[in-house]
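In: Here's a sequence, model it:
(one chain, ligands or ions: 1)
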Amino acid sequence: MCYCRNMQVKIYGLRGCCFGIANMILVKRMRETLYSSLLLQEISFFDGETVGDLTSRLGSDCQQVSRVIGNDLNLIMRNVLQGTGALIYLLILSWPLGVCTLVICSSLAAIMTVYGMYQKKTAKLIQEYAASANEVAQETFSLMRTVRVYGTEKQELKRYNHWLDKLAEVSLRQSAAYGVWNLTFNTLYHATQIIAVLVGGMYILAGHITAEKLTKFILYSEWLIYSTWWVGDNVSSLMQSVGASEKVFQLMDLLPSDQFISEGMALQKLQGHIEFVNVSFQYLSREMVPVLQHINLSVHPGEVVAIVGLSGSGKSTMVNLLLRLYEPTNGQILIDGVPLNELDTMWLRGRIGYVGQEPKLFRMDISSNIKYGCTRNIKQEDVEWAAKLAYAHDFITLLPNGYNTLVDDDLLSGGQKQRIAIARAILRDPTILILDEATSALDAESEHNVKGVLRSVRSDLSSRRTVIVIAHRLSTIQAADRIVVMDGGQIAEMGSHNELLHKNGLYARLTRRQTDAVV
Ligand SMILES: Nc1ncnc2c1ncn2[C@@H]1O[C@H](COP(=O)(O)OP(=O)(O)OP(=O)(O)O)[C@@H](O)[C@H]1O
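Out: So this is what the prediction gives:
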C-alpha cells in the first residue's frame, strides 16, 4: 500500500514534467506547422482550405496535440501502473475473486474501446463543423459590405445556423454516448462490489478467507475498477484529440519541397531569358482538367511580352509556374538555358519582381511594406524614390503618419495598394518583372506612366529588364514587343499588335469588342 502511495507521488511529479514538456511542444509544434505549411511540396494543399480554417487549426489542433501529451498520456500511464499493482495484489489475496474482477474490467475495457472509437469519429466531425461555422463567420465579416448591399444578412445567418445546428446535434450525441458510458461503468462497478460481497461472504463462511482479507479485496477492486475507468476516460479523450488533430498530423507528414531541401545553382548573372518547352499543367485538385497544354514560348532578355486571352485561359497559371509555385506536369521551364528546378529558388526569386492582380499588403507600416522581401540594405530615400516612380509618394505623404502609417484593410484604395506593390517591385530592381493585371486599378494616365517606368528603370543601366505583363485592357499592351494570345490553355496566336490585327483572329476580335464597348 505504502509502496503504491510512493509511486503515486512520483507519478504526480511526472505529471508536472509532462505539462512542462507539453507546453514546449505546443510552441514548437505551432512553429513547425507554420514552417512546414510554408515549405510544402505542393502549394495545392491550401487550394481546398480556406486560410481561416488553417489558422484556426494551427492554434486549436496544436493545443489538442499538446493536451494529449501533457494530460492524457500521463494519466493513462499512471492508471495503468496503479491498476496493474492492484490486480496483482487482488490475485494474491484470492485468485478466484481476482479473476472475477478481471473479467468485469475486461468487459469495461472492451466497451471503452468502442466508446473511444466513437469519440474519435465525433471529435473529427465537431472539428469540421466548427471550422465550417468559423469559415462562414469569417467570410461574412470580411464581405460585410457585399452582405449589406445585397441585404443577405438573414441568409448568412441561416448559413451559419446550419453548421451550428449540425455541431449541436453531434455534441448532443457525444453527450448521450458519455451518459451511456458512465451508466455502464456504474453498473459494472456495483456488480463488482455485489459479487465481492456475495462470493466473498461465502468464502468467509467456508473459511477460505478472513473478513480482513475481504475488506482489503473490496478496497483494491475499487482501485482497479477506477483505474480502468480512468484509463478508458483518458483513452477516449486521447482518441478525441487524435480525431480533432488529424489535419495537423496530415500537414506535418507532408514532405518539404525539393526547392527548399536541395541546393540549386545560382548563376553569375541573370540575363532574363525565359523558355517554356512543351509545358503542360493541371492543378492537383482538378486533375482531369488540363489548364495548360503544350506551351512553347521563348522570351528574350529585355523583351516585353504581353499575355492576353479570355478569363480562365491559363495566363496566371503560366506565371505561377514561372514563379515555381507549382511544378509543370509535363515539359520544362528554362531560365538562361538552365531548367528552373536546377536553379536556387531563393536566388532566382530575389531577382524576380511580381505584382499580382489584387495585391494584399501586410499589417505593417507603408515603408516596411515597400521594403518587404528586399535583401539589400535599404535607406528611407530609396523607399521614397521607388514610391515616387510608382506614383505613390503623393498619397503616402497625405496619410496621418506618412511612410510610418500602419496599413489596415480599409486604409487604402485598390489603386493605392497596387502602387505600393509596384513600388516594392521597383525597389527590388528585378531582372525579370511579372505584372499580372498589376495596373488594372490605376487611372489611364498613371497606368501609362507607371508602365514606362517599370520597363526602363534599372540600376544597371546597360541592361533592360524582361517584362511579362498580363492584361485585359488591350489598349495598354499595344507597345509590347510581342503579344501572346491564350485560348483554352494553349497559345492561339503570337506576334506584334499590328501583325495580330492583320491576322484577324482572336486578338483582333477581342480588340474590336473592347473598342465597341468604349464606343
Ligand atoms: N488553384 C487552383 N486550383 C484549381 N484550379 C485552378 C486554380 N487556379 C486556377 N484554376 C483554374 O485554372 C484555369 C486557368 O486559371 P488562370 O487563373 O490561370 O486563368 P487566367 O487566364 O489568368 O484568368 P483571369 O484572366 O480571369 O485571371 C481556370 O479554369 C481556373 O478555374
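
In: How about the contacts made by residue 481?
Out: By CB atoms under 8 Å, 6 or more residues apart in numbering, the residues touching residue 481 are 303-305, 496. To be clear about C-beta, it is placed using only N, CA and C from the backbone, and glycine gets the same treatment.

In: same question, residue 336
Out: Residues in contact with residue 336 (CB under 8 Å, 6+ apart) are 267, 270-273.

In: which SSE is residue 280 in?
Out: strand 274-281 (DSSP states H and E).

In: Verify the stated contact: residue 223 with residue 82.
Out: Yes: checked against CB atoms under 8 Å, the pair residue 223 and residue 82 is within contact range at 6.7 Å.

In: related to what we said a few turns ago, let me know the angle separating whichever helix or strand comes after the strand holding residue 280 from strand 274-281.
Out: The helix or strand immediately downstream of strand 274-281 is strand 292-299, counting by DSSP H and E. For strand 292-299 against strand 274-281, the angle by axes from the mean of the first three to the mean of the last three CA atoms, to 10 degrees is 180 degrees.

In: in its sheet, what does strand 292-299 sit against?
Out: strand 274-281 (antiparallel) (DSSP bridges).

In: on that earlier part again, going by neighbour count, which residues of the strand holding residue 280 are buried?
Out: 274-277, 279-281 (16 or more other CB atoms under 10 Å).

In: can you list those residues in a markdown table and add distance to residue 350 and pLDDT?
Out: Putting those into a markdown table (distance: CB to CB, whole Å; pLDDT from 0 to 100) gives the following:
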| residue | distance to residue 350 | pLDDT |
| --- | --- | --- |
| 274 | 16 | 94 |
| 275 | 21 | 95 |
| 276 | 22 | 94 |
| 277 | 24 | 95 |
| 279 | 23 | 93 |
| 280 | 28 | 93 |
| 281 | 24 | 93 |
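
In: shaky segments in the stretch 351-500 of the chain?
Out: Across the stretch 351-500 of the chain, the ranges flagged by pLDDT under 70 are 409, 439-463.

In: filter the contacts of residue 336 to the buried ones?
Out: 270-273.

In: nearest to the ligand, of the residues you listed?
Out: Nearest to the ligand among the buried ones among the contacts of residue 336: residue 272, at 22.0 Å, using CB to the nearest ligand atom.

In: Setting aside sequence neighbours, what's the nearest residue to the closest one?
Out: Take residue 272 and drop its neighbours on the chain: the residue closest to it by CB to CB, 6 or more residues apart in numbering is residue 466, 3.5 Å away.

In: Backbone dihedrals for that neighbour, please?
Out: Torsion angles at residue 466 (phi, psi; degrees, to the nearest 10) stand at phi -80, psi 130.

In: ok, residue 129 - how many residues close by?
Out: Other residues lying near residue 129 total 20 when counted by other CB atoms under 10 Å.

In: Which residues of this protein lie near the ligand?
Out: Residues of the chain found near the ligand (CB under 6 Å from any ligand atom) are 47, 283, 285-286, 291, 309, 311-317.

In: Switch those over to a markdown table; also include neighbour count.
Out: Output for these, formatted as a markdown table (neighbours: other CB atoms under 10 Å):
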| residue | neighbour count |
| --- | --- |
| 47 | 11 |
| 283 | 17 |
| 285 | 12 |
| 286 | 11 |
| 291 | 21 |
| 309 | 23 |
| 311 | 6 |
| 312 | 12 |
| 313 | 22 |
| 314 | 24 |
| 315 | 23 |
| 316 | 17 |
| 317 | 21 |
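
In: starting at the chain centroid, how far to the host helix or strand of residue 492?
Out: Using DSSP H and E, residue 492 sits in strand 490-495. On the basis of CA atoms, centre = their mean, to the nearest Å, strand 490-495 sits 36 Å off its chain's mean C-alpha point.

In: give the contact list for residue 192.
Out: Counting by CB under 8 Å, 6+ apart, residue 192 has contacts 100-101, 104, 221-222, 225.

In: Of those, which is the most crowded?
Out: residue 221 (28 neighbours).

In: and that one, how far is that from the ligand?
Out: For residue 221, the distance to the ligand equals 60 Å [CB to the nearest ligand atom, to the nearest Å].

In: Which positions within the helix or strand where that residue lies qualify as buried?
Out: Residue 221 is part of helix 211-244, with elements assigned from DSSP H and E. Buried residues in helix 211-244, counted by 16+ other CB under 10 Å: 213-214, 216-218, 220-244.

In: Could you do stretch 492-504 as well?
Out: In stretch 492-504, counting by 16+ other CB under 10 Å, buried: 492-495, 497, 500.

In: In contact with residue 485: list those residues for me.
Out: Neighbour list for residue 485: 308-309, 491-494, 500, 505-507, 510 [criterion: CB under 8 Å, 6+ apart].

In: oh, I was asking about residue 428
Out: 350, 353, 373-374.

In: wait, which of the residues you listed is closest to residue 133?
Out: residue 373 (35.2 Å; CB to CB).

In: residues in contact with the closest one?
Out: By CB under 8 Å, 6+ apart, the contact list for residue 373 reads 424, 428.

In: cutoff 6 Å now
Out: By CB atoms under 6 Å, 6 or more residues apart in numbering, the contact list for residue 373 is empty.

In: tell me the phi and psi of it?
Out: The phi/psi pair for residue 373 (degrees, to the nearest 10) is phi 80, psi 0.

In: Domain map for this structure?
Out: Domain ranges of the chain: 2-253, 358-429, per automatic domain parsing.

In: averaging pLDDT over each of the ones you listed, which comes out lowest?
Out: Ranked by mean pLDDT, these bottom out at domain 2-253, with a mean of 75.

In: what's the single longest helix in the protein?
Out: The longest helix of the chain (DSSP state H) is helix 153-206.

In: wait, what's in contact with residue 356?
Out: So residue 356 contacts residue 436 (CB under 6 Å, 6+ apart).

In: phi, psi of it?
Out: Taking degrees, to the nearest 10 as the convention, residue 356 sits at phi -90, psi -180.

In: same question, the one 5 residues further on
Out: Backbone geometry at residue 361, expressed as degrees, to the nearest 10, gives phi -100, psi 160.

In: Now for it, how many residues are close by?
Out: By other CB under 10 Å, the residues close to residue 361 number 20.

In: related to what we said a few turns ago, which one of the contacts of residue 428 has the most neighbours?
Out: That'd be residue 353 among the contacts of residue 428, by other CB under 10 Å, with 24 neighbours.

In: doesn't that one fall inside a helix?
Out: No: Residue 353 is assigned strand when assessed by DSSP: H, G, I helix; E, B strand; the rest coil, not a helix.

In: any idea how far residue 324 is from it?
Out: 15 Å (CB to CB, to the nearest Å).

In: Now stretch 468-476: buried residues?
Out: In stretch 468-476, counting by 16+ other CB under 10 Å, buried: 468-472, 474, 476.

In: what's the following helix or strand after the strand holding residue 492?
Out: Per DSSP H and E, the first helix or strand lying C-terminal to strand 490-495 is helix 497-503.

In: Check the gap between residue 142 and the ligand for me.
Out: Taken as CB to the nearest ligand atom, the span from residue 142 to the ligand is 19 Å.

In: what does residue 347 give?
Out: Counting by CB to the nearest ligand atom, the gap from residue 347 to the ligand is 26 Å.

In: ok, now residue 416?
Out: Separation of residue 416 from the ligand (CB to the nearest ligand atom) stands at 21 Å.

In: So residue 200 is in contact with residue 213, correct?
Out: No: using CB atoms under 6 Å, residue 200 makes no contact with residue 213, being 8.4 Å away.

In: check contacts around residue 189.
Out: Residues counted as contacts of residue 189 (CB under 6 Å, 6+ apart) are residue 225.

In: Also residue 274?
Out: Counting by CB under 6 Å, 6+ apart, the residues that residue 274 touches are residue 299.

In: hmm, back to that, could you export the contacts of residue 485 to a markdown table, including columns for distance to residue 406?
Out: Putting the contacts of residue 485 into a markdown table (distance: CB to CB, whole Å) gives the following:
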| residue | distance to residue 406 |
| --- | --- |
| 308 | 37 |
| 309 | 39 |
| 491 | 44 |
| 492 | 46 |
| 493 | 46 |
| 494 | 45 |
| 500 | 46 |
| 505 | 49 |
| 506 | 45 |
| 507 | 44 |
| 510 | 41 |
